[in-house]
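>>> sequence unknown, structure follows:
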């Protein structure tokens, strides 16, 4: 379904070696044109440093974190996602998803395609790619669990039943979504995103967001469990991750562009954040471009 590579601490591994279970259905030729097709559903339990890289997805997907924290890079935009949040990735997207250092990660997922499913998801505002924060995450988890069970059993009428369950899931995600961040925090994040190629200080961030340094620290601590400056540092590393994936620039040059005068220090910080060296990450990312 996708060009996807699983990895654990810098090494490419098979899906079977990960603590992951998936039920899927391969549609017959006569079912290829169905307007809604639930292709797969399942769950993952990753240790820190485990995850996957999916390039140029051929399907749409929802990943709902049920425990822990993950580092997500979605079409060049990077996020630190936590339990209760949903990552929506659309056809054609590039997604890197890793359990955060020091954190295990449990999630459920559903993979689907079909013209009506796409139109419905876009109409409900679930795509283009988004991080969603549903108020009723428990119901979303229950629906994903039920989709997994139905795809495993494949009882009579399950194709139509799973399609109806998918639509209910979309409605839950759409109707119950809360704003991901307060406006002041969103402004601070925007300022950081626009200034990753230069040195900035906490004064710059708080001044742009029109809040005190104390409030700025509190908001970042509440939503990311990071200081604003630590968040800024991680964002720079996420940008470096994107450059490693999508350019052939030497690692030392990328380090300089991200404000690191010492390539060795850059490599050390990258490994702390992603459990991979820049060279290991680029190697895995390049392999995902080849046929699986």
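Everything's here; your move. Keep in mind that this is a model prediction, so the values were computed, not measured.
>>> Is it correct that residue 233 is in contact with residue 272?
No. Contact criterion CB atoms under 8 Å: residue 233 and residue 272 do not qualify, at 10.1 Å. Yep, even glycine has a C-beta here, placed from its N, CA and C like the rest.
>>> between the two, who's got more neighbours?
Legend: neighbour count by other CB atoms under 10 Å for residue 233 and residue 272, higher for residue 233 (18 against 12).
>>> now the spatially closest residue to that one that is not a sequence neighbour: how far from residue 258?
Distances taken as CB to CB, 6 or more residues apart in numbering place residue 269 nearest to residue 233, at 7.3 Å, with adjacent residues excluded. Going from residue 269 to residue 258 by CB to CB, to the nearest Å gives 10 Å.
>>> Spatially, what comes nearest to residue 79 if we skip its sequence neighbours?
residue 72 is the one closest to residue 79 (CB to CB, 6+ apart), at 4.6 Å.
>>> That neighbour bridge partners, please.
Counting by DSSP bridges, residue 72 is bridged to residue 79, residue 97.
>>> all numbers from here: first residue = 508
OK, 508 is where the count begins now, so the last one is residue 579.
>>> Counting neighbours, what do you get for it?
Using other CB under 10 Å: residue 579 sits among 24 other residues.
>>> dump the residue contacts of it.
Contacts for residue 579 (CB atoms under 8 Å, 6 or more residues apart in numbering) come out as 585, 586, 587, 588, 594, 602, 603, 604, 605, 638.
>>> And the residues you listed, which is closest to residue 704?
Checking the contacts of residue 579 against residue 704 with CB to CB, the nearest one is residue 585 at 15.0 Å.
>>> Local confidence estimate at the closest one?
Residue 585 is assigned 76 on the pLDDT scale.
>>> That one: what's its closest spatial neighbour, skipping adjacent residues?
residue 745 (3.1 Å).
>>> just checking, the one you found touches residue 603?
No. In this structure, residue 745 is not within contact of residue 603 by CB under 8 Å, at 9.3 Å.
>>> ok, the two, which is more surrounded?
residue 603 (26 against 23).
>>> Give the intersection of the neighbour lists for residue 776 and residue 765.
residue 744.
>>> can you count the residues close to residue 731?
Counted with other CB under 10 Å, residue 731 comes out at 19.
>>> any idea of the mean pLDDT for the helix or strand containing residue 614?
According to DSSP states H and E, residue 614 maps onto strand 612-620. The pLDDT scores in strand 612-620 average 96.
>>> Residues in contact with it: which ones?
508, 531, 543-553, 557, 565-577, 598, 606, 648, 651-652, 654-655, 673, 676.
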